[in-house]
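A.B. asks: The following comprises the amino acid sequence and a computationally predicted model.
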Amino acid sequence: MVLVSGSGTNLQALLDASASDAYGARVVAVGADRDGVEGLARAERAGVPTFVERLRDHPGRDEWDESLAARIAEHKPDLVVSAGFMKILGPGVLASAPVVNTHPALLPAFPGAHAVRDALAYGVRVTGCTVHLVDAGVDTGPVIAQEAVAVRDGDDEETLHERIKQVERGLLVDVVGRMAREGWTVTGRTVRLGSRGPVPVKPETEGRTTT
Ligand SMILES: Nc1nc2c(c(=O)[nH]1)N[C@@H](CN(C=O)c1ccc(C(=O)N[C@@H](CCC(=O)O)C(=O)O)cc1)CN2
Ligand SMILES: NCC(=O)N[C@@H]1O[C@H](COP(=O)([O-])[O-])[C@@H](O)[C@H]1O
């Protein structure tokens, strides 16, 4: 299950990867918080069911969260992937399945909805992308994987974000595939892919499989 709000290039990378049985995961549905976004069109072209749950169609955020959770539960995903989904998920969704998010900065730096703009404004020379488990906070969940991207002279938000996305799509595909095939453990804030990490740990929780 993938949640989108926009162009869906990360979703497309997951759709492309899941075309191979060896990947170990498939996209069972795509949900959005708004109509008419390219991510929904990508799913439709791939024959993947879609749905839209708009915040403004509900009395408040709690009701929206419960409706979104119910839509997600209809598809019984093993994993929910937030890939450019631009709404903060509430307790109903977070209780429905493990959620992974991809963020265009090296968390904990530059959380929130405008990470690339904020990194440029700060003047950092290196930024990147983060794939993390989602918790009730904003971009505060345990980090699964990160990759650095250099900021170049003359970069604007568009050029830098596109260069980040080129790295991010591969990182997300790799992480989601490994989570689906190998499972994962979380001990404190440490996430290890593979139910048998390199250093055996007593997992507090063990996740299994797929999107
Ligand atoms: N409970 C969580 N939900 C989500 C997280 C998270 O870490 N915890 N990550 C986001 C994705 N994201 C950053 O990676 C992010 C997206 C949007 C916002 C935000 O402030 N959204 C506003 C509305 C913005 C809009 O409608 O354009 C809001 O929800 O009020 C912050 C971080 C996915 N969900
Ligand atoms: N804070 C959330 C956030 O900024 N998410 C970012 O939105 C982009 C979506 O691109 P896509 O729709 O082409 O996959 C991605 O770069 C993702 O990291």
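C.D. replies: That came through fine. Ligands and ions are numbered 1, 2, ... in the order given.

A.B. asks: tell me the phi and psi of Ala32?
C.D. replies: phi -140, psi 160 (degrees, to the nearest 10).

A.B. asks: Tell me, how many residues neighbour it?
C.D. replies: Look at Ala32: counted by other Cβ atoms under 10 Å, it has 25 neighbours. Backbone N, C-alpha and C define where each C-beta goes, glycine included.

A.B. asks: same check, this time on the one 10 residues further on
C.D. replies: Arg42 is surrounded by 22 other residues when neighbours are defined as other Cβ under 10 Å.

A.B. asks: In contact with it, which residues?
C.D. replies: Neighbouring residues of Arg42 by Cβ atoms under 8 Å, 6 or more residues apart in numbering: 8, 11-12, 15, 30.

A.B. asks: One more: Tyr122?
C.D. replies: Phe110.

A.B. asks: Distance-wise, check it relative to Glu162.
C.D. replies: 19 Å (Cβ to Cβ, to the nearest Å).

A.B. asks: near ligand 2 at all, stretch 172-191?
C.D. replies: No. In terms of Cβ under 6 Å from any ligand atom, no part of stretch 172-191 sits within range of ligand 2; the closest distance is 8.5 Å.

A.B. asks: Report the rounded mean pLDDT for that stretch.
C.D. replies: Regarding stretch 172-191, the rounded mean pLDDT is 96.

A.B. asks: Give the buried residues for that stretch.
C.D. replies: 172-173, 175-180, 182-186, 191 (16 or more other Cβ atoms under 10 Å).

A.B. asks: so what's the residue nearest to Asn101 when sequence neighbours are not counted up against?
C.D. replies: Leaving aside its chain neighbours, Asn101 sits nearest to Ser82 (4.1 Å; criterion: Cβ to Cβ, 6 or more residues apart in numbering). Counting by Cβ under 8 Å, 6+ apart, Ser82 touches 2-3, 89, 99-102, 134.

A.B. asks: Show me what Ser82 is bridged to.
C.D. replies: When assigned by DSSP bridges, Ser82 has beta-bridge partners Leu3, Asn101.

A.B. asks: Retrieve the pLDDT associated with it.
C.D. replies: Taking Ser82 on its own, its pLDDT is 98.

A.B. asks: what about it, distance to ligand 2?
C.D. replies: 8 Å (Cβ to the nearest ligand atom, to the nearest Å).

A.B. asks: just Gly137 next, same as before
C.D. replies: In terms of Cβ to the nearest ligand atom, Gly137 sits 13 Å off from ligand 2.

A.B. asks: Can you read off the pLDDT for that residue?
C.D. replies: 98.

A.B. asks: what's the answer for Ser195, then?
C.D. replies: 71.

A.B. asks: and it, how many neighbours?
C.D. replies: By other Cβ under 10 Å, neighbour count at Ser195 equals 13.

A.B. asks: That one contacts Trp184, correct?
C.D. replies: Yes. With contact defined as Cβ atoms under 8 Å, Ser195 counts as touching Trp184 (7.4 Å).

A.B. asks: ok, which residues in this structure are in contact with ligand 2?
C.D. replies: Counting by Cβ under 6 Å from any ligand atom, the chain sits next to ligand 2 at 4, 6-11, 39, 83-84, 102-104, 113, 115, 165, 168.
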